[in-house]
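K.L.:
Build me a model:
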Amino acid sequence: MTKNINTLAIFSANETMDEIQTEHLKYLLLPALLADFTLKNQRYDRVQVLETGQIYYRDYIQRLNDYQFCDVNLNTNNDEDESKTKSVASSTNQVDLLLRQAQARESKIQRYRQMKQLESELEQLKQLIIDQQHSGDEDVERQFYLKLIRRWLQQAIDELSAIEAEMPMVKMRAAMLKMSTVTSDDTDKLDRRRQPSSKPLTPIILTKNRLQKQVYGAGYPSMATYSVDEFVQQKIKEGSLQLTDKNIYNNSLYDWANNPEKKKMEEQTEEESKELLIEQDDERELARLRKWDDWKDDHKRGEGNRQNMG
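P.N.:
Numbers count the residues shown, from 1 in each chain. You can find the predicted model right below:
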């Protein structure tokens, strides 16, 4: 909006406040409002925020000086600060320093009272504008904006004084933080330099033959080089082992591990065949079951070798 106002050339440096149109007076408040919003920003660097707010407030006061609305010396605060510093450093005239501080305090109190008076008058004018909004009295509206501009002028002077007091502390804190960061980085670099460089680890390669020979520290192979099934097959090929019953070999643990479902199916088939024999009243099966029942009657559950425990 500020750029648009400058582009449209609403204000002229040759004009005075009395020559500015009433409807354009409110645009003079833009720098003060921008300064107020900027100083409330907490996200950016505080030094940058203070410097930006200071620029806006000084621009606002300078515009009012140009339009002969006020006569505020923007260099007064800096000159007073330099004189205060010199007087404190030399310690030659403490009375003048106390007098200047008292005058600054008194002027601040007067500005505060003026601001309160202006705020009260602004409320009255605002209510009057609302009541007479249909009549459109331009004099009342112009008086309202002029008092509002003067109210923000008092705030701009106070805010500039507060910024000049806060700026040295903020800059000192930023410098200390930067110094501590640099010191921490230098300490980390020094610690890394002091640490001894570790030697690269050599890769460990374990082969099958070395693992077999060194597992128990023996000089001969101490681990199995092939499975039991491979051993049986080798003996059969050599002719030193003959199997007449194939079921003995088929019931091996290796065979069950390769096909566990096959063993379950065989057991299920065996159970079904036994049930079928019982249903058909097979004499041999019934005799076997009676013999098993008699044996269970004569021998209690858990009988046998109890390791001489009774």
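
K.L.:
Report the secondary structure state of residue 14.
P.N.:
coil (DSSP: H, G, I helix; E, B strand; the rest coil).

K.L.:
Can you pull the phi/psi pair for it?
P.N.:
The phi and psi torsions at residue 14 (degrees, to the nearest 10) take the values phi -90, psi -10.

K.L.:
confidence score at it?
P.N.:
For residue 14, the model assigns a pLDDT of 73.

K.L.:
do residue 203 as well
P.N.:
Confidence for residue 203, expressed as pLDDT, is 62.

K.L.:
Outside of the helix or strand containing residue 34 itself, list whatever touches it.
P.N.:
Per DSSP states H and E, residue 34 falls inside helix 30-39. With CB atoms under 8 Å, 6 or more residues apart in numbering as the test, helix 30-39 has contacts from 1-2, 5, 49-50, 52-57, 59-60, 63, 152, 155-156, 159, 163. C-beta coordinates here come from the backbone N, C-alpha and C atoms, glycine included.

K.L.:
CA atoms only: put it into CSV for me.
P.N.:
Output of helix 30-39 as CSV, limited to C-alpha atoms (Å, rounded to 0.1, in the frame of the first residue of the first chain):
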residue,chain,number,x,y,z
LEU,A,30,1.0,3.9,7.5
PRO,A,31,4.7,4.1,8.7
ALA,A,32,3.6,4.3,12.3
LEU,A,33,1.3,1.2,11.9
LEU,A,34,4.1,-0.7,10.1
ALA,A,35,6.5,0.1,12.9
ASP,A,36,4.1,-1.1,15.5
PHE,A,37,3.4,-4.4,13.7
THR,A,38,7.1,-4.9,13.1
LEU,A,39,8.1,-4.5,16.7
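
K.L.:
buried ones in that helix?
P.N.:
For helix 30-39, burial by neighbour count (16 or more other CB atoms under 10 Å) applies to 30-32, 34-36, 38-39.

K.L.:
Distance to residue 298 added to these, as TSV?
P.N.:
Output for these, formatted as TSV (distance: CB to CB, whole Å):
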residue	distance to residue 298
30	115
31	116
32	115
34	110
35	111
36	108
38	106
39	106
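
K.L.:
wait, which of those is closest to residue 148?
P.N.:
residue 32 (9.8 Å; CB to CB).

K.L.:
where does this structure dip in pLDDT?
P.N.:
Low-confidence segments of the chain (pLDDT under 70): 1-11, 76-92, 134-136, 184-226, 241-260, 304-310.
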